[in-house]
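# Coordinates only, no sequence provided:
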């Protein structure tokens, strides 16, 4: 088989790395890819959002299966275009990807289908949003309606902070057109976890549990990011919590999409808040999380390709997934300034030494290659990911490798996995 992986981040590198292990695969292409992906795939300089060019390429190269990594091409309708041309592609269609593309749609969908979530109101005028905030007070959460690379969420504990969030999103357009509408919702106490499942629109097959770290700095301080690290499994997801998530969130969501004529095929990812035995959905995403994909795919023993094909063909009910009992931890190494304006073009040193560490894989995110040197080219640059017999072992393996990688201004958290350690100690 020839496979095309669309995207250029750590998630896409992890997908290409895992797909390369399949005996069914003879060739992998990546569009546009990154410096690390070039080790397992041939990179082609086509943007992940240039849907027509991507479809033309898939036709010309007779690609057997296209795997879409990021959310933006999904919400732009890449699956619809490929299917119109008779091309096989993994991911939800545009009308189903709206569950991530619009937070207003997602919250309304959850309310309609009785999926547990916090109370909310939606606004398309900043004056009305500010009046509502003054009425209900804080704490609360202000979210841009559209896609904002995981950064369109502002948690507000003080009234001036909340009013300022509305101004930044709706008036100053901090997140561009994603902020034309906003959702103001309940601030939920607890621990945030990520729950992923494969679905063919009918059957729902859960992946292993995972938990990420959204904030930029240690102790969950600083602004929200796309994710500064993740681990799997997540001890907070007990058997009873897992069953509750499946019965109250994942299965009703897939069934609800089907009843609305939005058959959902692909990865469905629920961001959840867990407080004791209570679960509530913060958001849905239409693809694998990044960085959660890195520890998940490192732990997956099963061949990924038959699973993806089963989703596309509507026969997921026959599939199972084998996982290593080992734990995995991913630490994101980012550029100075991220998630704000960040430096680019720094030379990365120590990659070979780090990759030589046992049970460690370096997944590239924002990198490029020039004259045999690997340079930084994004906010999140690398996802250093390691396995261990338990969380503590995985943390130790990962940070041994992290400490061998250097570039000017490199930034990473030093506490990834600490919450999991507290649960198992």
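Everything's here; your move. Keep in mind that this is a model prediction, so the values were computed, not measured. Residues are numbered from 1 along each chain as shown.
# so what's the residue lying farthest from the centre of the chain scoring on pLDDT?
Distance from the C-alpha centroid of the chain peaks at residue 135, with 34.3 Å (Cα atoms, centre = their mean). Listed pLDDT for residue 135 reads 93.
# How is the residue nearest to the spatial centre of the chain assigned, secondary-structure-wise?
The residue lying closest to the centre of the chain (Cα atoms, centre = their mean) is residue 289, at 1.8 Å. State at residue 289, reduced to three classes by DSSP: H, G, I helix; E, B strand; the rest coil: coil.
# Mind listing what's buried along the lowest-mean-pLDDT helix or strand in the chain?
Least confident helix or strand, the chain: helix 418-424 with a mean of 84, by mean pLDDT, DSSP states H and E. Across helix 418-424, burial judged by 16 or more other Cβ atoms under 10 Å covers 418-420. The C-beta positions use only the backbone N, C-alpha and C, and glycine is treated the same way.
# from the middle of its chain, how far away would that helix be?
The chain centre lies 22 Å from the centre of helix 418-424; the measure is Cα atoms, centre = their mean, to the nearest Å.
# can you map out the strands along the stretch 301-425 of the chain?
Using DSSP state E, counting those that start in this stretch, the strands found in the stretch 301-425 of the chain span residues 327-334, 360-364, 367-370, 373-376, 380-388.
# mind checking which of those is nearest residue 101?
strand 380-388 (21.5 Å; Cβ to Cβ).
# Kindly calculate the angle that the closest one makes with strand 360-364.
With axes from the mean of the first three to the mean of the last three Cα atoms, to 10 degrees as the basis, strand 380-388 and strand 360-364 are set at 160 degrees to each other.
# coming back round to it: mind giving me the packing neighbours of the least confident helix or strand of the chain?
helix 391-402 (3 or more Cβ pairs under 8 Å, 6 or more residues apart in numbering; DSSP states H and E).
# Measure how far the helix it packs on is from the centre of its chain, please.
Distance, centroid of helix 391-402 to centroid of chain: 22 Å (Cα atoms, centre = their mean).
# Who are the contact partners of the closest residue to residue 62 other than its chain neighbours?
Nearest residue to residue 62, sequence neighbours excluded (Cβ to Cβ, 6 or more residues apart in numbering): residue 2, at 6.6 Å. Residue 2 makes contacts with 25-29, 61-64, as judged by Cβ atoms under 8 Å, 6 or more residues apart in numbering.
# Just name the closest of those to residue 144, please.
residue 29 (32.9 Å).
# Wait, a helix at the closest one?
No - Residue 29 sits outside any helix when classified using three-state DSSP, being strand.
# you'd agree it is up against residue 4?
Yes - applying Cβ atoms under 8 Å as the test, residue 29 and residue 4 come out as touching, 4.7 Å apart.
# quick one on the thing from earlier: now, which of the contacts of residue 2 sits nearest residue 102?
For the contacts of residue 2, the nearest to residue 102 is residue 63 (29.7 Å; Cβ to Cβ).
# how about the nearest residue to the closest one, chain neighbours excluded?
residue 4 (4.6 Å).
# Name the next helix or strand downstream of the helix or strand containing the one you found, please.
According to DSSP states H and E, residue 4 maps onto strand 2-7. Next along the chain after strand 2-7, taking DSSP H and E as the criterion, comes helix 10-19.
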